[in-house]
Structures are given as structure tokens and as C-alpha cells.
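Undergrad: pasting the structure only:
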């Protein structure tokens with residue numbers, strides 16, 4: 001980067017810092033720390049199991065034609 005570009009970036013950094021904005025981007029480690037440790041789908045599955053989700057029944061028409069397991 002040229003001296004002019006560096007001066008522009010420094011000026012932008014100073015302006016953002018004075019205005020109360022966070023002048024630097026958060027690091028990857030900071031971003032990961034803010035994320036939830038559990039996946040949203042896993043959370044939904046756990047909620048489904050805990051709440052019950054109602055009974056899942058298989059109609060007799062489906063099981064009547066099925067071959068015995070053993």
C-alpha cells in the first residue's frame with residue numbers, strides 16, 4: 001500500500017474510533033466465542049424429544065403387507 005492509502009486507512013480508523021464504532025473487525029476466535037455451542041437442528045431435535053412431539057404411528061395397512069422381521 002502506498003503512503004496515501006495508509007493515511008486514508010489510519011484516518012478512517014481514527015474516525016471510527018472517535019465515533020464509538022469498533023474500528024477493527026472481530027477475530028475468528030471472537031466470532032466463534034459468540035456462536036451457540038449447539039446446532040439449531042440439534043436443539044430442535046432435543047426439544048422435539050423432550051416435549052414429546054406426539055406419537056408417530058404406522059397405519060395397519062402398511063404393516064399388514066410387510067414381511068415378518070425374523
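TA: Everything's here; your move. Not measured: the values here are computed from a predicted model.

Undergrad: got any ranges where the chain has weak pLDDT?
TA: Scanning the chain for pLDDT under 70 picks out the ranges 53-70.

Undergrad: now the helices for it?
TA: Per DSSP state H, the chain carries helices over the ranges 3-18, 28-34, 40-51, 60-64.

Undergrad: how about the ones you listed in JSON lines, adding mean neighbour count?
TA: Using the backbone N, CA and C atoms, a C-beta is placed for each residue, glycine as well. As requested, these are exported to JSON lines (neighbours: other C-beta atoms under 10 Å):
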{"stretch": "helix 3-18", "mean neighbour count": "10"}
{"stretch": "helix 28-34", "mean neighbour count": "9"}
{"stretch": "helix 40-51", "mean neighbour count": "10"}
{"stretch": "helix 60-64", "mean neighbour count": "7"}
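
Undergrad: can you tell me how far residue 11 sits from residue 1?
TA: Between residue 11 and residue 1 the distance is 14 Å, computed by C-beta to C-beta, to the nearest Å.

Undergrad: revised request: answer the last question for residue 15.
TA: For residue 15, the distance to residue 1 equals 18 Å [C-beta to C-beta].

Undergrad: likewise for residue 50?
TA: For residue 50 relative to residue 1 (C-beta to C-beta), the value is 55 Å.

Undergrad: also residue 12?
TA: Using C-beta to C-beta, residue 12 is found at 13 Å from residue 1.

Undergrad: which residues are in contact with residue 16?
TA: 22-23 (C-beta atoms under 8 Å, 6 or more residues apart in numbering).

Undergrad: if we go to 6 Å?
TA: residue 23 (C-beta atoms under 6 Å, 6 or more residues apart in numbering).

Undergrad: what does residue 23 give?
TA: 13, 16-17.

Undergrad: again, only this time at 8 Å
TA: 12-14, 16-17.
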